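A.B. asks: predicted model and sequence below, questions to follow.
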Amino acid sequence: MFTWIDDFLNRTTMYRLVLYYVAGLLAVAFIFSFFGLLPFNPAALAFSTVLITVVCAAANWVAAKMFDAATNVESVYITAFILALIITPVAPPDYAGIGFLVFASVWAMASKYLFAIGKRHLFNPAAFGVALSAIAINQSATWWIGGNLWLLPFVLAGGWMVVRKIQREDLVLSFAAVAFATIAATSLSGDPFSAILQTILHSSFFFFAFAMLTEPLTTPPNRQLRIAYGAIVGFLFAPNVHIGSFYFSPELALLIGNVFSYAVSPKGRYMLRLKRVEEMAKDVYDFVFAPDRRFSFAPGQYMEWTLPHPHADNRGNRRYFTLASAPTEPEVRLGVKFYPQASSFKRALSSMKTGDTLSVAHLAGGFVLPRDKKKKLVFIAGGIGITPFRSMIHYLLDKKERRDIVVLYSNKTAADIAYEDVLDRAAQEVGVRSLYAVTGEKASREGIYSGPIDANLISQQIPDYRDRTFYISGPHAMVEAYEKTLHGIGVSRLRIKSDFFPGFA
């Protein structure tokens, strides 16, 4: 049913999807305002949107020059369009309103540079811009996008796609559960059901949750912390929560949540200098970098990699990749598979020369080794999905740590097998057993199995599979197929972990 949607989501980065989402909402709002379905005219909406976008772009350019920082055009447009969707549109001669738009836009962009620690911004830019406006010039956002029933289906449909793409259901659900519980408990009318219904139909609840709460750079790195983050913001989002005479607004709730997120998240942005490129398999290369300073991470985690380049395609200049290196290694490795129709990001990566730099930030991910070293594991990898397992296994080698692990690694041909040297070393030194499967040719040597990794192969090669925890990494469709296969042979959902990160495709 959702095949075409999944295909679109897999081909589009999270940032580009959010940009499409907010731009689409503005386009729909413009049409509705033309037919009188919104309380302002299309000229005012067009004027406000253009003004906010121009001011945001100019302020971002100036700030980036002042702080000598890399910029991301998509994030500028996303912030500008969010501001246009939450601040009531104005047009001349409403110069007070125009001043509000300019003030909020300038400070939204400035916050990314002035309130950044380790080159990572602390606050959601749009939330900061409107929060400061309320305090400094007594002008508040109306969040008009959330108060109109005509727009609600579009907010929900696009927002569902964003959450489906980035798999942040846990964050949104914790936010919703606590927000609704708090709204019900603090209802002044004595009718909690009506209070919740009013929030659903006539507030910014859904747009706030889908477009702003889920911003990756200001959310915590793992599931448990995300749930706590959503709960904190959900509690403060409830309109009747207050300290004395001070009531929280949606933007203030988010900013307080941002502070919590920063406190519990890895800090900083790192610059990586390219040292060399190593060919690991057919069309698979490891880009080996020297970091500007050491940083710690758990084997299997991912980071956001930023490589500014001209004429970026719809996947943009920021991508999420798993660290192929282990934290015990002095260098940082990025394992990449190149396809005939490579993205602009990968083309820019392939053209890097020794000494060129890129930046990484937002370390995250819960696809890591269990703390219990006695837990028996199975790693199922497809193609370049082997990278998190390379990180984990190299870590075990460096630590000389033995664990009961079986690796099932599927590729089209034997030439596509990457990191075979590490896997073979692990078999000899720490007892990790690997089985290579090829689906596009007959097995050419011992240790390679012809055919797919299916239920029969799993049950034959791993008799105690019901006692093991399965880790699956690879293309999204492959991960889903193996999850179904494992469910079909009696593996509990609680014993299956799949690799995921925003922008995964």
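C.D. replies: Yep, it's here.
A.B. asks: going by C-alpha atoms from here, please, whenever you check contacts or count neighbours.
C.D. replies: Will do.
A.B. asks: now for Phe345, how many residues are close by?
C.D. replies: 22 (other C-alpha atoms under 10 Å).
A.B. asks: what's the answer for Glu441, then?
C.D. replies: By other C-alpha under 10 Å, neighbour count at Glu441 equals 14.
A.B. asks: give me the contacts around the helix or strand hosting Arg425.
C.D. replies: In the assignment (DSSP states H and E), Arg425 maps to helix 420-429. For helix 420-429, the surrounding residues in contact (C-alpha atoms under 8 Å, 6 or more residues apart in numbering) are Arg390, Ile393, His394, Leu397, Lys400, Val432, Arg433, Ser434.
A.B. asks: what about 6 Å?
C.D. replies: Outside of helix 420-429, the residues within contact range by C-alpha atoms under 6 Å, 6 or more residues apart in numbering are Val432, Arg433.
A.B. asks: how far does it sit from its chain's centre?
C.D. replies: 32 Å (C-alpha atoms, centre = their mean, to the nearest Å).
A.B. asks: only C-alpha atoms, please: export it in CSV.
C.D. replies: Coordinates of the C-alpha atoms in helix 420-429 are reproduced here as CSV (Å, rounded to 0.1, in the frame of the first residue of the first chain):
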residue,chain,number,x,y,z
GLU,A,420,36.7,-9.6,4.8
ASP,A,421,40.1,-9.1,6.4
VAL,A,422,38.5,-7.9,9.7
LEU,A,423,35.9,-10.7,9.7
ASP,A,424,38.6,-13.4,9.1
ARG,A,425,40.8,-12.0,11.8
ALA,A,426,37.8,-12.0,14.2
ALA,A,427,37.1,-15.7,13.4
GLN,A,428,40.7,-16.6,14.4
GLU,A,429,41.2,-14.3,17.4
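A.B. asks: which parts of it are buried?
C.D. replies: Under the neighbour-count criterion of 16 or more other C-alpha atoms under 10 Å, helix 420-429 has Leu423, Ala426 buried.
A.B. asks: hey, which strand is longest across this protein?
C.D. replies: In the chain, with assignment by DSSP state E, the single longest strand is strand 270-281.
A.B. asks: next helix or strand past that strand?
C.D. replies: Per DSSP H and E, the helix or strand that comes after strand 270-281 is strand 284-291.
A.B. asks: which secondary structure elements does that next one contact?
C.D. replies: In this structure, strand 284-291 makes packing contacts with strand 270-281, strand 332-337, judged by 3 or more C-alpha pairs under 6 Å, 6 or more residues apart in numbering; DSSP states H and E.
A.B. asks: tell me which of these sits nearest to Asp313.
C.D. replies: Counting by C-alpha to C-alpha, Asp313 lies closest to strand 332-337 out of the helices and strands packed on strand 284-291; the figure is 17.8 Å.
A.B. asks: dump the next helix or strand after the closest one to CSV, restricted to CA.
C.D. replies: Counting by DSSP H and E, the element after strand 332-337 in chain order, helix or strand, is helix 344-350. The C-alpha atoms that make up helix 344-350 are tabulated as CSV, following Å, rounded to 0.1, in the frame of the first residue of the first chain:
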residue,chain,number,x,y,z
SER,A,344,25.9,14.8,-5.5
PHE,A,345,27.2,14.2,-2.0
LYS,A,346,29.0,11.1,-3.0
ARG,A,347,30.3,12.7,-6.1
ALA,A,348,31.7,15.5,-4.0
LEU,A,349,33.1,12.9,-1.5
SER,A,350,34.8,11.0,-4.3
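A.B. asks: which residues are contacting helix 344-350?
C.D. replies: Ala312, Asp313, Asn317.
A.B. asks: who's in contact with the last one?
C.D. replies: Applying C-alpha under 6 Å, 6+ apart to Asn317 gives the contacts Thr306, Leu307, Pro308, Phe345.
A.B. asks: recalculate using a threshold of 8 Å.
C.D. replies: Asn72, Thr306, Leu307, Pro308, His309, Ser344, Phe345.
A.B. asks: surely the third one is in contact with Tyr320?
C.D. replies: In this case it means Leu307. No - contact criterion C-alpha atoms under 8 Å: Leu307 and Tyr320 do not qualify, at 11.3 Å.
A.B. asks: more neighbours, those two?
C.D. replies: Legend: neighbour count by other C-alpha under 10 Å for Leu307 and Tyr320, higher for Tyr320 (23 against 20).
A.B. asks: on that earlier part again, same question for the helix holding Arg425, mean pLDDT?
C.D. replies: On average, the pLDDT along helix 420-429 is 96.
A.B. asks: same deal with stretch 48-57?
C.D. replies: Regarding stretch 48-57, the rounded mean pLDDT is 98.
A.B. asks: which parts of it count as buried, going by neighbours?
C.D. replies: Per 16+ other C-alpha under 10 Å, stretch 48-57 contains these buried residues: Ser48, Thr49, Leu51, Ile52, Thr53, Val54, Val55, Cys56, Ala57.
A.B. asks: mind putting these in JSON lines, secondary structure and distance to Ile135 included?
C.D. replies: Listed next are these as JSON lines, based on DSSP: H, G, I helix; E, B strand; the rest coil; distance: C-alpha to C-alpha, whole Å:
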{"residue": "Ser48", "secondary structure": "helix", "distance to Ile135": "21"}
{"residue": "Thr49", "secondary structure": "helix", "distance to Ile135": "23"}
{"residue": "Leu51", "secondary structure": "helix", "distance to Ile135": "22"}
{"residue": "Ile52", "secondary structure": "helix", "distance to Ile135": "20"}
{"residue": "Thr53", "secondary structure": "helix", "distance to Ile135": "23"}
{"residue": "Val54", "secondary structure": "helix", "distance to Ile135": "24"}
{"residue": "Val55", "secondary structure": "helix", "distance to Ile135": "20"}
{"residue": "Cys56", "secondary structure": "helix", "distance to Ile135": "20"}
{"residue": "Ala57", "secondary structure": "helix", "distance to Ile135": "24"}
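A.B. asks: quick one: stretch 200-218 to chain centroid distance?
C.D. replies: That offset, for stretch 200-218, works out to 15 Å (C-alpha atoms, centre = their mean).
A.B. asks: all numbers from here: first residue = 474
C.D. replies: Let's use 474 as the start, then, which means that last one is stretch 673-691.
A.B. asks: show me what it is in contact with.
C.D. replies: Against stretch 673-691 from outside (C-alpha under 8 Å, 6+ apart): 491, 495, 593-597, 616-622, 625, 628-629, 632-633, 635-636, 641, 644-645, 648, 672, 692, 703, 723, 727, 731, 734-735, 835.
A.B. asks: could you redo the last one with a cut-off of 7 Å?
C.D. replies: Stretch 673-691 is contacted by residues 491, 595-597, 616, 618-622, 628-629, 632, 635-636, 645, 672, 727, 731, 734, 835 when judged by C-alpha atoms under 7 Å, 6 or more residues apart in numbering.
A.B. asks: now do stretch 608-621
C.D. replies: 558-561, 573, 603, 606-607, 675-678, 680.
A.B. asks: can those residues go into a markdown table with extra columns for secondary structure and neighbour count?
C.D. replies: Compiled in a markdown table, the contacts of stretch 608-621 are given as follows (DSSP: H, G, I helix; E, B strand; the rest coil; neighbours: other C-alpha atoms under 10 Å):
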| residue | secondary structure | neighbour count |
| --- | --- | --- |
| Leu558 | helix | 25 |
| Ile559 | helix | 21 |
| Ile560 | coil | 23 |
| Thr561 | coil | 20 |
| Phe573 | helix | 22 |
| Val603 | helix | 27 |
| Ser606 | helix | 21 |
| Ala607 | helix | 16 |
| His675 | helix | 16 |
| Ser676 | coil | 20 |
| Ser677 | coil | 21 |
| Phe678 | helix | 22 |
| Phe680 | helix | 23 |
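A.B. asks: all good on my end, thank you.
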